[in-house]
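> The sequence and its predicted three-dimensional model are supplied below.
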Amino acid sequence: MLIKTYGSAVFGVNALTITIEVSISAGTRYHIVGLPDNAIKESLRRIESAIQSAGLRMPRQKIVINLAPADIRKEGSSYDLPIAIGILAASGQLEADKIGDFFIMGELSLDGGLQAIKGALPISIQARQAGFKGFILPRDNSREAAIVNDLTIYGMRNLSDVIGFFNGTEQPAPVVVNTRDEFFNKVSSYAHDFSDVKGQENIKRALEIAAAGGHNLILIGPPGAGKTMLAKRLPTILPPLSLQEALETTKIHSVAGKLNAADSLMTERPFRSPHHTISDIALVGGGANPQPGEISLAHNGVLFLDELPEFKRSVLEVMRQPLEDRNVVISRAKISVEYPASFMLIASMNPCPCGFFNHPEKECTCMPGVVQKYLSKISGPLLDRIDLHVEVTPVDFDELTSTIETEKSSFIRERVISARQVQTERFNADQSIHYNAQMSPNMVRNICKIEESGQVLIKNAMEKLGLSARAYDRILKVSRTIADLAGSKDIALEHLAEAIHYRSLDRSSWSG
């Protein structure tokens, strides 16, 4: 007897319908065809034990399982459940009337329990697009899948629950998530706040500018000056995720298997802070079975690289293209997948190995030339792509112990949102541009026009600091953001001067 069940394979952040065909006939061997990987080839051992744990029998006949389309590589253990249901239906132990109406996915334990799968959200979206009535999957993934409207989601604990559902002896309640309520109730919940930071008003100003225009930023300062503390609070002043952005971000984390069972929709902008020992593949994505890397997990949020010079140079250089294109393409001989990677890069570093170069009180103990060698670990092309270079100085005792309340993140966020609204109206005709940092060189020429006095100022700065054409564009973008925060239609001389000020690493004082 031939039975067809339906599942899905995930490629990048999208899914494809997979038909699982199960045929039982005279014979004694089991066969799985259709380009399965080792996890799928091993599945029959798990399936046999799970079926026996449910009180049913594994057929002792010839079983042929085909995963169609047969020319696409299938990976992972999430095909256990649809294969098991197909075997039970083909052997007459399960009613097959409703099987074709549902996507079925899940990994089986030996006792029949269902383990969580990756990519439940994109699979759920594909199930709706393909016209299926519902999606049966492990309970741990049910809330994640249930944010897709017009699709019935059943979260199951074990194989027995699924068998009971199809035989009509169990009537589980569908999992229902009100996507908009879930989103708007949690969209502004953060554990950190800028009011925790004493002093550092100039750094807060730079972070506000970065947040308003989506600019990349690097913080340079001695140990203990507050670089990490400030960076961790940046998401609290970024505009709230839109519902579309939340869905995009959730899809990526779903594919990577990073969502908790209690999560249905990501409502906070991601903040990713990988260790400096990370590999280039872990950062940008890839592997034998391509998975999203840290830059994609930071999509619509912040990627924080602490102690930037300690990262391997090869790791840092692979970010150059994603920083410009805001996506990353992972190409292999037989497959090419694309992951979005529109993130804000926030980096921090000590000015030298000992950490006290240019310190107002402590003396640097590094040998001559060591500072320049340390800074040269970060290439010029990468620094060019970082809009704001900000020096962080230690907080003095009086500021640290002050009882005066500092500005809360919510107030800064209001100014950032106002500036972003100006940019939204400005780029309304181009759906791919949302804020100033994303402007193309041609848009910079048209939008970031400056007066003759400003031309003289930036010309002198370029000659003195040796700035590149890319750095010139970046200065204009930052000055446009500063003007937006000030509510100014035009870029004034003071806006341009402040933008030039945020090019610390281009100055001769950092030559070592």
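Right, received. Where do you want to start?

> Run through the stretch 201-350 of the chain and note the low-pLDDT ranges.
Applying pLDDT under 70 to the stretch 201-350 of the chain picks out residues 261.

> can we see that at 90?
By pLDDT under 90, the low-scoring segments of the stretch 201-350 of the chain are 201, 221-226, 241-244, 246, 257-268, 286-291, 320, 324-325, 329-337.

> How many neighbouring residues does the closest residue in space to Val315 that isn't next to it in sequence have?
Ranked by Cβ to Cβ, 6 or more residues apart in numbering and with sequence neighbours excluded, the top spatial neighbour of Val315 is Asp280, at 4.8 Å. In short, each C-beta sits where N, CA and C put it, glycine included. By other Cβ atoms under 10 Å, the residues close to Asp280 number 18.

> And for Gln455?
Gln455: 12 neighbours (other Cβ under 10 Å).

> Secondary structure element holding it?
Assigning secondary structure by DSSP states H and E places Gln455 in helix 452-465.

> Phe103 now?
Per DSSP H and E: Phe103 is located in strand 102-104.

> Against which helices or strands is that strand packed?
Here strand 102-104 touches strand 2-11, helix 80-90, helix 120-129, strand 134-138, going by 3 or more Cβ pairs under 8 Å, 6 or more residues apart in numbering; DSSP states H and E.

> quick one: average pLDDT of that strand?
Averaged across strand 102-104, the pLDDT comes to 97.

> And for stretch 453-464?
So the average pLDDT for stretch 453-464 ends up being 89.

> let's number from 428 now, not from 1
In the new numbering, first residue 428, that becomes stretch 880-891.

> quick one: contacts for the residue nearest to Val742?
Contact analysis of Asp707 by Cβ atoms under 8 Å, 6 or more residues apart in numbering lists Lys739, Ser741, Val742, Val745.

> now, which of the residues you listed sits nearest Ala516?
Nearest to Ala516 among the contacts of Asp707: Val745, at 47.4 Å, using Cβ to Cβ.

> what about the closest one, distance to Ile708?
Distance, Val745 to Ile708, by Cβ to Cβ, to the nearest Å: 9 Å.

> Mind listing what's buried along the longest strand along the chain?
Assignment by DSSP state E gives strand 441-452 as the longest strand of the chain. Neighbour counts over strand 441-452 (16 or more other Cβ atoms under 10 Å) mark Asn441, Ala442, Thr444, Ile445, Thr446, Ile447, Glu448, Val449, Ser450, Ile451 as buried.

> mind listing what the residue nearest the centre of the chain touches?
Centroid-nearest residue in the chain: Leu724, 2.1 Å away (criterion: Cα atoms, centre = their mean). Leu724 sits next to Ile679, His680, Ala683, Lys685, Pro697, Arg699 when contact means Cβ under 8 Å, 6+ apart.

> how many other residues sit next to the second one?
Which is His680. 21.

> what about the nearest residue to it once chain neighbours are set aside, how many residues close to it?
Distances taken as Cβ to Cβ, 6+ apart place Leu686 nearest to His680, at 5.3 Å, with adjacent residues excluded. Neighbours of Leu686 under the rule other Cβ under 10 Å: 22.

> same question, Thr655
Residues near Thr655, counting by other Cβ under 10 Å: 16.

> Could you report the neighbour count for the closest residue to it other than its chain neighbours?
Nearest in space to Thr655, with sequence neighbours left out and distances taken as Cβ to Cβ, 6+ apart, is Asp733 at 5.9 Å. Neighbourhood size, Asp733 [other Cβ under 10 Å]: 18.

> now do the one 5 residues further on
Residue neighbour count, defined by other Cβ under 10 Å, stands at 24 for Phe738.

> how much space between the nearest residue to it once chain neighbours are set aside and Ala774?
The shortest distance from Phe738 to any non-neighbouring residue, by Cβ to Cβ, 6+ apart, is to His703 (4.8 Å). The gap separating His703 from Ala774 is 11 Å, by Cβ to Cβ.

> which residues are in contact with both of these two?
In terms of Cβ under 8 Å, 6+ apart, His703 and Ala774 are both contacted by the residues Leu732, Asp733.

> Between these two, tell me which one has more neighbours.
Neighbour comparison, His703 and Ala774: the larger count goes to Ala774, with 25 against 13 (by other Cβ under 10 Å).

> in what helix or strand does that one lie?
Per DSSP H and E, Ala774 falls inside strand 771-776.

> What is that strand packed up against?
Applying 3+ Cβ pairs under 8 Å, 6+ apart, one finds that strand 771-776 contacts helix 628-640, strand 644-647, helix 654-659, strand 729-732.

> 6 Å instead, please
Judged by 3 or more Cβ pairs under 6 Å, 6 or more residues apart in numbering; DSSP states H and E, strand 771-776 is in contact with strand 644-647, strand 729-732.

> contacts for the last one?
Residues outside strand 729-732 that contact it (Cβ atoms under 6 Å, 6 or more residues apart in numbering): Ala658, Leu661, Pro662, Phe698, Arg699, Ser700, Ile722, Phe770, Met771, Leu772, Ile773, Ala774.

> which of those tops the neighbour count?
Taking other Cβ under 10 Å as the neighbour criterion, Ile773 ranks highest of the contacts of strand 729-732 with 29 neighbours.

> follow-up on the earlier one: now, which of the contacts of Leu724 lie within strands?
Under the assignment DSSP E, the contacts of Leu724 contribute Arg699 to strands.

> a markdown table for the contacts of Leu724, including distance to Cys875?
Output for the contacts of Leu724, formatted as a markdown table (distance: Cβ to Cβ, whole Å):
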| residue | distance to Cys875 |
| --- | --- |
| Ile679 | 32 |
| His680 | 35 |
| Ala683 | 37 |
| Lys685 | 38 |
| Pro697 | 29 |
| Arg699 | 30 |
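
> Show the residue spans covered by the helices in the stretch 628-777 of the chain.
628-640, 654-659, 670-682, 707-711, 721-724, 740-744, 747-752 (DSSP state H, counting those that start in this stretch).

> Same list (the contacts of strand 729-732) but as a markdown table, adding distance to Pro649.
Formatted as a markdown table, these follow (distance: Cβ to Cβ, whole Å):
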| residue | distance to Pro649 |
| --- | --- |
| Ala658 | 15 |
| Leu661 | 20 |
| Pro662 | 25 |
| Phe698 | 23 |
| Arg699 | 25 |
| Ser700 | 20 |
| Ile722 | 28 |
| Phe770 | 27 |
| Met771 | 24 |
| Leu772 | 22 |
| Ile773 | 18 |
| Ala774 | 16 |
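
> Can you check which of the helices of the stretch 628-777 of the chain gets nearest to Leu892?
For Leu892, the closest of the helices of the stretch 628-777 of the chain is helix 628-640, at 17.7 Å, according to Cβ to Cβ.

> could you give the mean pLDDT of the helix or strand encompassing Arg840?
Assigned by DSSP H and E, Arg840 belongs to helix 836-853. On average, the pLDDT along helix 836-853 is 94.

> Return the angle between stretch directions for it and helix 628-640.
Computed by axes from the mean of the first three to the mean of the last three Cα atoms, to 10 degrees, the angle separating helix 836-853 from helix 628-640 equals 40 degrees.

> Which neighbouring elements make contact with the following helix or strand past helix 836-853?
Downstream of helix 836-853, the next assigned helix or strand under DSSP H and E is helix 868-874. In terms of contacts (3+ Cβ pairs under 6 Å, 6+ apart), helix 868-874 is packed against helix 896-912.

> and Gln799, how far is that from Asp911?
Between Gln799 and Asp911 the computed distance is 36 Å (Cβ to Cβ).
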